[in-house]
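> sequence first, predicted coordinates after that:
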Amino acid sequence: MDCTQSGHSESSASTELCLITPTPARVFEDVLSLLWVTGEASGPPAAPNCKLPPAATPQPQSAANKQHVEDPVAILQAAHSAAAQGRTEEQITAEKAWYNTEKVWLVHKDGFSLATLLKTEAGSLPEGKVKIRLESDGSLLDVDEDDVEKLDRVEDLASLQYLNESSVMHSLRQRYGSNLVHTHAGPNMVVINPISSPSMYSEKVMQMFKGCRREDTAPHIYGTAQAAYRHLLTTRQDQSIVLLGKSGSGKTTNCQHIIQYLLTIAGSTNKTFSAEKWQAVYTALEAFGNVSTCLNGNASRFSHVVSLDFDQAGLVTSASIQTMLLEKMRVTRRPEGETTFNVFYYLIAGADSSLRTELHLNHFAENDAFKITPQTKTEEKQRASQQFSKLQAAMKVLGISGDEQKAFWLVLAAIYHLGAAGATKAGRKQFARHEWAQKAAYLLGGTLEELSSSIFKHQAKGTLPRSGSVRRAVEEIGTADAGSKATAMECLEAFASGLYSEIFTVLISLLNRALKSGQNSLCSLLIVDTPGFQNPRLVKREYCATFEDLCHNYTQERLHALFHQRTFVHELERYKEENIELALDDTEPSTSLSVSVVDQASSQTLVRSVRTDEARGLLWLMEEEGLQPGGSEETLLRRLFSYYGPAEGQTKGQTFLLKSEKANHFLLGHSYGTDWVEYNVSGWLNYAKQIPASSNATSVLLDSQKKIISSLFMSRAGGTNVLSGSIAGLEGISQLSLRRATSMRKTFSTGMSAVKKKSLCIQIKLQVDALLDMLRRSRIHFVHCMLPKAEALKALGGSLFKGGECEVQGEPGEMQVDVALLRAQLRGSKLLDALRIYRQGYPDHMVFSEFRRRFDVLAPHLTKKYGRNYIVKDEKRAVEELLESLDLEKSSYHMGLSRLFFRAGTLGKAGGTER
Ligand SMILES: Nc1ncnc2c1ncn2[C@@H]1O[C@H](COP(=O)(O)OP(=O)(O)OP(=O)(O)O)[C@@H](O)[C@H]1O
């Protein structure tokens with residue numbers, strides 16, 4: 001029931017709240033839902049916006065049934081009506097005919113082909129063979145029974161008649177071909193990147209989802225946001241939405257749609273969280289955190305968590321952003337053909353003449369060690385210049401003052417000049433071109449000598465926190481040692497990336513300042529977006545993946561593992577605990593061993609810098625080899641293979657780690673071996689070394705003679721060293737939110753304090769641990785973003801400075817997918833496992849007492865017998881008695897030891913279960 005139906009006219013949030021308060025009307029709704037389940041009523045009343053669950057209308061895709069509707073509302077209505085409208089006699093006959101002919105998929109190495117299964121006389125074919133007719137050319141084939149899969153088509157993959165890979169693929173492809181990029185997968189969402197903008201996002205469309213339940217709407221990212229918001233209000237439990245997928249699959253775009261939806265529909269207590277402000281936040285993040293890669297023309301190179309805090313009435317009271325794993329080394333080094341962070345190009349193209357003169361950007365260097373080559377094409381320069389104006393306007397909206405902005409431009413220009421200055425290749429460590437270094441020193445507010453000593457001397461400048469521990473002493477010696485061994489160029493790179501890391505941290509801090517509010521909140525909704533899976537081979541690049549790519553891939557894999565854990569492993573464990581037996585078809589629980597290859601820890605806590613034979617992952621080995629005298633990348637790989645390498649004769653499919661033909665290279669089979677990435681480990685040990693120049697960057701900023709620089713960094717860092725390259729925005733977590741006993745972000749900030757004490761490589765694992773610990777405390781909604789084809793990425797890869805806006809690529813309406821690529825993503829996601837358990841298991845459950853409390857109004861004779869609010873000794877028996885009188889379909893529920901379990905959809909209409 002929607003509140004608009006019950007005549008409520010309060011704000012959107014309170015409208016939502018009336019859905020969840022246990023009023024008699026609410027209980028009545030629950031009652032109706034159950035009656036509907038038992039077939040005694042025609043179904044719960046749907047909100048005017050919403051539709052009833054669709055019936056599958058399986059028809060083969062044809063050009064005629066593709067919808068190319070431009071109007072957003074029409075698209076949604078088309079999506080709604082396609083599924084919701086009542087079926088005609090003709091359709092029902094067609095449907096029956098469809099099911100009666102045995103349509104199947106023939107699975108083969110290039111994908112799968114539609115075919116008809118033919119009846120044959122017994123014994124006419126060898127055992128295990130069947131006869132089929134291919135739809136494409138009518139040819140008759142005798143094929144292996146195992147290569148044939150049945151098919152059907154729906155808008156929730158969980159309701160497929162035959163739940164198998166081919167049916168899922170077929171449904172996704174057909175929907176995509178009809179411009180329907182969203183598909184439900186039980187409680188999860190699949191979105192295939194439409195590449196072009198099918199304008200299915202607008203406030204008008206948002207209103208169609210307001211107040212609706214997931215079951216009552218067509219699949220849409222707004223529906224996911226609505227479901228999370230609804231659960232937050234219903235259960236008062238923290239929620240999170242996690243976006244998963246390959247680079248360029250649309251995670252950040254969907255993240256923005258989710259935030260816009262929540263702000264529009266929930267509303268906020270004041271103007272702090274206007275849509276304009278959020279647009280400005282993303283403009284700033286995109287400028288400072290995005291780059292053009294071979295996979296995505298506007299790829300994020302940092303992970304971020306947006307937290308929205310809600311009050312009792314469901315209004316947004318405060319918000320914050322935390323970021324981690326910024327790819328700071330990209331400032332100085334990156335693969336051929338890729339760019340550094342967008343903001344450099346924006347500044348260089350967009351600074352007006354006085355700013356340009358002040359930053360000494362009127363002339364560019366012939367040699368630039370960091371290769372921040374200014375744009376040369378007029379169109380690109382114009383675009384970049386427009387983006388700079390947009391960035392400046394966004395910073396203004398966010399309350400970033402002229403002086404603060406100037407401080408950013410000074411540091412960015414200084415980084416450019418440091419690249420132009422370069423460093424000596426041999427002999428004394430110093431700048432190669434002093435005139436450029438002089439400009440950098442001036443912009444940073446210091447002298448050339450001070451700058452030179454901060455970069456090339458081997459001592460940290462006293463800003464690192466000190467403690468008397470032996471471990472710290474070892475680390476300091478390691479730091480000085482790393483500094484003395486590093487080349488002049490490595491020192492320069494460490495310093496420049498340290499500077500960038502600091503300005504990124506300060507930026508996040510300023511964004512949080514703009515979003516801060518002093519109001520109390522009840523619970524939070526987190527949206528998590530991390531860079532997608534990276535594999536240069538996907539777009540046939542010659543070069544191999546980098547250490548940064550490994551970090552992003554590792555983070556994605558951990559999030560995928562969380563999905564598998566939450567939707568599959570946990571469920572099985574719960575059934576076991578409750579003595580429920582469940583036989584799953586075709587499913588073997590599995591874990592991705594590629595994660596262990598990266599992060600498996602030793603059982604001993606103090607193995608640092610000591611080589612032992614105990615298996616441990618790459619990050620730990622890097623740390624050991626990095627600090628070990630004589631450690632090298634060759635030894636690193638040798639040790640890695642000795643622990644995890646394939647046994648004699650093992651190939652892909654049997655192992656997750658393989659040798660490459662090239663020296664210093666290895667192959668790792670991510671996502672359960674569905675995505676093999678070749679990495680080049682040359683130079684990786686540098687990541688384990690804390691070169692003093694990196695932390696000295698902080699001191700240079702804090703000690704700057706330019707007041708606008710020192711005061712900005714001093715005020716945001718609170719006078720202490722911020723941890724370069726680790727986590728930004730922790731100060732954005734409002735104290736009020738942290739004070740909540742149940743605050744999940746408390747775990748995050750505590751986890752992060754531990755991170756600061758570890759070395760760089762281990763920090764990567766610990767940052768991801770802290771993120772996952774935080775998420776585990778919430779109810780998680782997963783969105784699987786998928787890439788339709790690799791060529792689309794190439795087109796995107798060429799278009800730098802899109803500024804987050806969509807450009808139509810290729811023919812409009814050409815919504816085709818690369819079957820092998822989509823299938824690999826489906827396999828890697830483990831969605832089928834989740835769907836099977838969702839369908840064959842009991843995804844909704846309630847403890848006995850809760851069930852009785854909510855539904856005993858249905859059995860007045862029991863309340864009469866025991867009295868209202870009666871206390872029973874044997875809850876299980878009482879629930880059994882209640883169920884008997886409710887006459888519920890026996891197959892729709894199962895009694896556990898402490899809970900009542902329901903089949904998918906049984907309680908969907910009643911909402912608020914504990915899944
Ligand atoms: N829902 C959508 N509608 C229209 N275009 C989209 C949509 N999702 C993604 N795109 C297009 O695809 C591009 C890549 O998407 P996006 O940057 O969101 O991917 P991502 O998964 O966040 O990538 P990365 O992991 O590399 O940061 C966008 O710039 C946009 O052009």
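Received the coordinates, thanks.

> please count neighbours and contacts with C-alpha atoms only from this point.
Fine.

> what bits of the stretch 651-800 of the chain have low per-residue confidence?
653, 716-759, 791-800 (pLDDT under 70).

> okay, strands next: where are they in it?
657-659, 665-669, 675-680, 727-728, 779-786 (DSSP state E, counting those that start in this stretch).

> dump those to TSV, plus mean neighbour count and distance to the ligand.
Shown next, in TSV, are those (neighbours: other C-alpha atoms under 10 Å; distance: least, C-alpha to the nearest ligand atom, whole Å):
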stretch	mean neighbour count	distance to the ligand
strand 657-659	21	24
strand 665-669	21	19
strand 675-680	21	15
strand 727-728	25	18
strand 779-786	24	7
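
> wait, which of these is closest to F370?
strand 675-680 (20.3 Å; C-alpha to C-alpha).

> how about the strands of the stretch 651-800 of the chain, which one is nearest A228?
When the strands of the stretch 651-800 of the chain are compared by C-alpha to C-alpha, strand 779-786 sits nearest A228, at 6.9 Å.

> if we can go back for a sec, can I get the strands of the stretch 651-800 of the chain in TSV including distance to V143?
Output for the strands of the stretch 651-800 of the chain, formatted as TSV (distance: least, C-alpha to C-alpha, whole Å):
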stretch	distance to V143
strand 657-659	33
strand 665-669	30
strand 675-680	28
strand 727-728	55
strand 779-786	31
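
> how far away is A287 from Q260?
Noted for A287: a distance of 19 Å to Q260, by C-alpha to C-alpha, to the nearest Å.

> list the contacts of the most centrally placed residue in the chain.
The residue lying closest to the centre of the chain (C-alpha atoms, centre = their mean) is L243, at 3.1 Å. Neighbouring residues of L243 by C-alpha atoms under 8 Å, 6 or more residues apart in numbering: 251, 255, 527-530, 782-785.

> helix or strand for S524, which one?
strand 523-529 (DSSP states H and E).

> name the next helix or strand downstream of that strand, please.
Scanning onward from strand 523-529 (DSSP H and E), the first element met is helix 547-564.

> list the contacts of that next one.
242, 244-245, 325, 327, 530-535, 591-592, 595, 598, 670-671, 679, 681, 684, 764, 768, 772, 782, 829-830, 834.

> so how many other residues sit close to the closest residue to D818 other than its chain neighbours?
Spatial nearest neighbour of D818, excluding adjacent residues (C-alpha to C-alpha, 6 or more residues apart in numbering): K789 at 4.9 Å. Residues contacting K789 under the criterion other C-alpha atoms under 10 Å number 22.

> what do you get for L412?
L412 is flanked by 24 other residues according to other C-alpha under 10 Å.

> ok but it is inside a helix, no?
Yes. Counting by DSSP: H, G, I helix; E, B strand; the rest coil, L412 is part of a helix.

> was I right to think R133 contacts D142?
No. At 9.0 Å, R133 does not count as touching D142 under the criterion of C-alpha atoms under 8 Å.

> tell me the angle the host helix or strand of L619 makes with helix 547-564.
Assigned by DSSP H and E, L619 falls within helix 618-627. Interaxial angle of helix 618-627 relative to helix 547-564 (axes from the mean of the first three to the mean of the last three C-alpha atoms, to 10 degrees): 150 degrees.

> who are the packing partners of the helix or strand that helix 618-627 is followed by?
Counting by DSSP H and E, the element after helix 618-627 in chain order, helix or strand, is helix 633-644. In this structure, helix 633-644 packs against helix 618-627, with contacts taken as 3 or more C-alpha pairs under 8 Å, 6 or more residues apart in numbering; DSSP states H and E.

> in the helix it packs on, what's buried?
For helix 618-627, burial by neighbour count (16 or more other C-alpha atoms under 10 Å) applies to 618-627.

> now for that helix, which elements pack on it?
Secondary elements touching helix 618-627 (3+ C-alpha pairs under 8 Å, 6+ apart): helix 593-599, helix 633-644, helix 760-776.

> what domains does the record give for this structure?
Domains of the chain are assigned by automatic domain parsing as 17-151, 174-276+293-327+525-532+779-836, 842-914.

> same drill for R133 and D142, tell me which one is more crowded.
Taking other C-alpha under 10 Å, R133 and D142 do not tie; R133 has more neighbours (19 against 13).

> tell me which element that one is part of?
strand 129-134.

> touching, E404 and L712? I think so.
Yes. E404 is within contact range of L712, at 6.6 Å (criterion: C-alpha under 8 Å).

> hmm, back to that, list the contacts for the residue nearest to D818?
816-818, 821-822.

> show me which pair in the residues you listed is furthest apart.
Q816 and L821 (11.7 Å).

> give me the phi and psi for T116.
When read as degrees, to the nearest 10, the backbone of T116 gives phi -110, psi 130.

> distance check, it against the ligand.
For T116, the distance to the ligand equals 35 Å [C-alpha to the nearest ligand atom, to the nearest Å].

> can you tell me the closest non-neighbouring residue to that residue?
K103 (4.6 Å).

> burial of that neighbour, as a residue count?
The number of residues packed near K103 is 22, by other C-alpha under 10 Å.

> ok, A432 next?
A432: 18 neighbours (other C-alpha under 10 Å).

> then S885?
15.

> is it correct that it is in contact with P860?
No. Counting by C-alpha under 8 Å, S885 stays clear of P860, with 9.9 Å between them.

> which strands or helices does the helix ranked longest in the chain pack on?
Secondary structure assigned by DSSP state H gives helix 488-515 as the longest helix of the chain. The contact analysis (3+ C-alpha pairs under 8 Å, 6+ apart) places helix 488-515 against helix 275-289, strand 316-324, helix 402-421, helix 448-456, helix 692-702, helix 707-717, strand 727-728.
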